[in-house]
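> Sharing a model that was predicted from the sequence below.
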There are 2 protein chains.
Amino acid sequence: MSENPKKQLHLGAFLFQVGHHIAAWRYPDTETRGLLQHEFYEHFAQTAERGKFDMVFLADTLAVIDRSGTGIKHTVTIRPEPLTLLSYLSGVTDKIGLAGTVSTTYHEPYNLAREFSTLDHLSGGRAAWNVVTSGRDEEARNFSKSKHPEHDKRYARAKEFVDVVTSLWDSWEDEAIIADKESGLFADPGKVHELHHKGDEFSVRGPLNLPRSPQGRPVIIQAGASLTGQHLAAQTAEVIFTAWQTLEEAQRFYSSVKSLAIQYGRSPEDIKIMPGIFPVIAATEEKAQKKEAFLQQLVVPEVGLSMLSSSLGVDLSGYPLDGPLPELPELAQINGGKSRFQLVADMAHREGLTIRELIYRVTGARGHRTIYGTPAQIADQLEEWFVNGACDGFNIMPPYLPGGLEEFVDLVIPELQRRGLFRTEYSGSTLREHLGLHRPASKYHAPAATQAEHFA
Amino acid sequence: MSENPKKQLHLGAFLFQVGHHIAAWRYPDTETRGLLQHEFYEHFAQTAERGKFDMVFLADTLAVIDRSGTGIKHTVTIRPEPLTLLSYLSGVTDKIGLAGTVSTTYHEPYNLAREFSTLDHLSGGRAAWNVVTSGRDEEARNFSKSKHPEHDKRYARAKEFVDVVTSLWDSWEDEAIIADKESGLFADPGKVHELHHKGDEFSVRGPLNLPRSPQGRPVIIQAGASLTGQHLAAQTAEVIFTAWQTLEEAQRFYSSVKSLAIQYGRSPEDIKIMPGIFPVIAATEEKAQKKEAFLQQLVVPEVGLSMLSSSLGVDLSGYPLDGPLPELPELAQINGGKSRFQLVADMAHREGLTIRELIYRVTGARGHRTIYGTPAQIADQLEEWFVNGACDGFNIMPPYLPGGLEEFVDLVIPELQRRGLFRTEYSGSTLREHLGLHRPASKYHAPAATQAEHFA
């Protein structure tokens, strides 16, 4: 803190296909075939590490989303499995955090706890889990269910799932392993704990078959912005990945979640809020706008219409592109992606956008905030939100890859560093250290005072 | 084939904790703390690759096996999650195959298919899945079940699971991705297939959200030696990992499985049979025996007794160590580890072993064949089985690590190479190429002739 008295922001590098823009794969410089090659992913992670990002962040979907026949034909529906990819990346990077999305709806807590614990051990404390509940019927149908479970049921399962996973991560206390070759004592059984968890969704005895990992627990990330999602996040999240269009909205969310955290007995510093940002960088603002327009005309029209229809839960194919939206369903009718629905509906209402204009918003930034301009202009806009209590950092979503990340690292990061807003070198080695998060004690660890009481 | 007219054997390097011997962690040279450090695993895999092994092989258990309080205290109950570890290893190796155990009883086929497909893509075609059905109530209790499911039910699920997974791997035909930036055609929807699988255990629509991987399908390995296990293996396995004590038993199994394969319409060459071998290497046979005796006296007595009791499904704690076994339960009463039970019972009966002698067998080689001696003697014993139709190669289970693998690579491999029994360099780049297995076509791929018929 003495070296950097100014508060610094945190950055995630969003690794999504070959870029966040739906037409990124058609962009001339994009390495589209890299999707299937480890070199592409290695280069991405090493570039982000060169830029001193806090972490690489992987989204996920558990199905091919074909959007009425347009998805497979015209978009990248390929998704490498996040844990597998992050584990690979742990071998070709040294410092950067490795954050992966895994759904609580379609996994088992014992498997998930092991996977992230193993990644945390192998990477020397760089693992983070982005907890999602999934959002689509297409995913349910790959997991022996006909429909995606209801919102409340998914969140109840998610809460129990996170409880079980953190208990498993805690089940070996930090000092449990003794490994004394001479006496033959490998571990202290008094410091290895069964959970005997019996809940509505799971019965898990434990302990985990892995000792406590370098971070104590991998970092917990969440993204749900619904009220249920906010409460779950305020109780259990350490990073919140979110999407806001305006400073005011972002500020409101920021102060709401930090207040909720206090209500749940946590410090506001225990949760880092990182909205997604879609940066279009060029030598001038005009050139940046031209670049986005160029990407935009690469979008196959049916793809844009089906993406917007899917975000809003309504089939827009009969409506004029340059007219307004028809009446939308109620929020309560949306199951999965409630916050995405709300965000797009609000955007349309606030700015009076036509269907065509909205298509531009959902195919490029996909509901996240687009920022245009020169490196200095990009830095200005990040700084404005950061110093005005709208966030603790950003998830950077490069429009196309690897160029979009390289430009950010080579042009914007140095500008942020000059302003003292971002680190010039990693000061720690774990993701918790990068993010300024404390290392939690095991819930099974009895403080010395309590232990002493047994003898009182 | 012209360069190596002599048939060569295949070798797997069994990566089990810090060595296969239950007391390996107490051995002076063993890097016991390496269990939690990536350098240990990296060194193992790179050593095996230096020795030109076909693959690294990871076993798994989904629970801490505490064996009446002796396990946590005196043995290594830690198990890194295999897929996570193999994915890490894919980044620090180039050629060697990466085989991991994952249970069909406690996973979902869509997740598993993605994980292995991702590993196959990232590693350039080096992934293999060892299909197991798990064997213990301790595992069931970590997955919301009170008891381990019955043998027949597990195998029925395993068969359906493997069917679904291979269909998912096939769901994108090899030529499905077009990625034509100009026209905007990313993939040919006619070459991306939904499964619409509806079975007793699973309903999976598909397709997988990954294209076909370099090997077409990751290699399928199985270990079940029960009759049900043999039938499943003869239908679906490409490598069989097995355990035999005598040449005759191994020959009988070898010819039985290869005949069954023919009955199921496959070629005997489509299945490679690789028994486990526990090699104790030294400058003389006597020194090798002394080395094992030294390891043996490191076994905490209660640990050995509880391991043997667990293998045989009977509590031996009341019986004299130097006496014979009491009456054992019937094979039908054993649920999980049937073949292990049979193997230990046969060994006791055939050789008239006392409880103490049997303890030596289960704590060291754990039911696999121990071979002692000089590098030439070890090579002699491997050659004898290989040339006499008992196997296509071996899974090498070093007693302690990393020394046990280093000795094999530095001393035994050169001896096998001198005899023309083992490669001196990798000739291919995928695991299928190392093993001499063909690359399967997608089941959805219509041969040209059939396609032509549509136009006839």
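Cool, the structure landed. Just so it is clear, the structure is predicted and the values come from calculations on it, not from any experiment.

> how deep is the residue in chain A that chain B sits nearest to tucked in, by neighbour count?
Here chain A gets closest to chain B at one residue, A:G91, 2.9 Å apart by C-beta to the nearest C-beta. Any C-beta I mention is one placed from the backbone N, CA and C, and that applies to glycine too. Neighbour count for A:G91, taken as other C-beta atoms under 10 Å in any protein chain shown: 19.

> Which residues are in contact with it?
A:L122, B:H38, B:E42, B:Y88, B:L89, B:S90, B:G91, B:V92 (C-beta atoms under 8 Å, 6 or more residues apart in numbering or on different chains).

> Kindly report the same for A:I262.
Contacts of A:I262 by C-beta under 8 Å, 6+ apart are A:P268.

> still on that earlier bit, among the contacts of A:G91, which pair sits farthest apart?
B:H38 and B:S90 (12.9 Å; C-beta to C-beta).

> Which one's more surrounded, these two?
Using other C-beta under 10 Å as the criterion, B:H38 and B:S90 rank with B:S90 on top: 27 against 19.

> right, and the more buried one touches A:L85 too?
No - in this structure B:S90 lies outside contact range of A:L85 using C-beta atoms under 8 Å: 10.2 Å.

> list residues touching both of those two?
Common neighbours of B:S90 and A:L85 (C-beta under 8 Å, 6+ apart) are B:L122.

> could I get the contacts of A:G91 as CSV with pLDDT and secondary structure?
Compiled in CSV, the contacts of A:G91 are given as follows (pLDDT from 0 to 100; DSSP: H, G, I helix; E, B strand; the rest coil):
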residue, pLDDT, secondary structure
A:L122, 98, helix
B:H38, 97, helix
B:E42, 98, helix
B:Y88, 98, helix
B:L89, 98, helix
B:S90, 98, helix
B:G91, 97, coil
B:V92, 97, coil
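
> B:E173: which of these is nearest?
Comparing those against B:E173 with C-beta to C-beta picks out B:S90 as the nearest, at 24.7 Å.

> can you tell me how far the closest one sits from B:P324?
Separation of B:S90 from B:P324 (C-beta to C-beta, to the nearest Å): 48 Å.

> One more: A:Q230?
In terms of C-beta to C-beta, A:Q230 sits 67 Å off from B:P324.

> quick revisit: for B:P447, state which of the contacts of A:G91 is nearest.
For these, the nearest to B:P447 is B:S90 (32.9 Å; C-beta to C-beta).

> list the contacts for that closest one?
Residues in contact with B:S90 (C-beta under 8 Å, 6+ apart) are A:H38, A:Y88, A:G91, B:L98, B:L119, B:L122, B:S123, B:R126.

> hang on, A:E42 packs against A:V56?
No - counting by C-beta under 8 Å, A:V56 is not a contact partner of A:E42; they are 11.1 Å apart.

> who's more crowded, these two?
Applying other C-beta under 10 Å to A:E42 and A:V56 shows that A:V56 carries more neighbours, namely 27 against 18.

> Could you look up the SS state of the more buried one?
Of the three states, A:V56 takes strand according to DSSP: H, G, I helix; E, B strand; the rest coil.

> Tell me the bridge partners for it.
A:A13, A:L98 (DSSP bridges).

> Look through chain A and tell me its longest strand.
strand A:272-281 (DSSP state E).

> Which elements pack onto whatever helix or strand comes next after that strand?
Downstream of strand A:272-281, the next assigned helix or strand under DSSP states H and E is helix A:285-296. Judged by 3 or more C-beta pairs under 8 Å, 6 or more residues apart in numbering or on different chains; DSSP states H and E, helix A:285-296 is in contact with strand A:272-281, strand A:369-373.

> which residues are in contact with helix A:285-296?
Helix A:285-296 has contacts (C-beta under 8 Å, 6+ apart) with A:21, A:23-24, A:27, A:280-282, A:360, A:363-364, A:370, A:372-374, A:377, A:399-400.

> Have a look at chain A and report its longest helix.
As assigned by DSSP state H, the longest helix anywhere in chain A is helix A:151-170.

> now check it, is it near chain B?
No - using C-beta under 8 Å from any C-beta of the partner chain, helix A:151-170 stays clear of chain B, coming no nearer than 8.7 Å.

> Quick check: buried residues in that helix?
If you call a residue buried by 16 or more other C-beta atoms under 10 Å in any protein chain shown, then helix A:151-170 has these buried ones: A:151, A:154-170.
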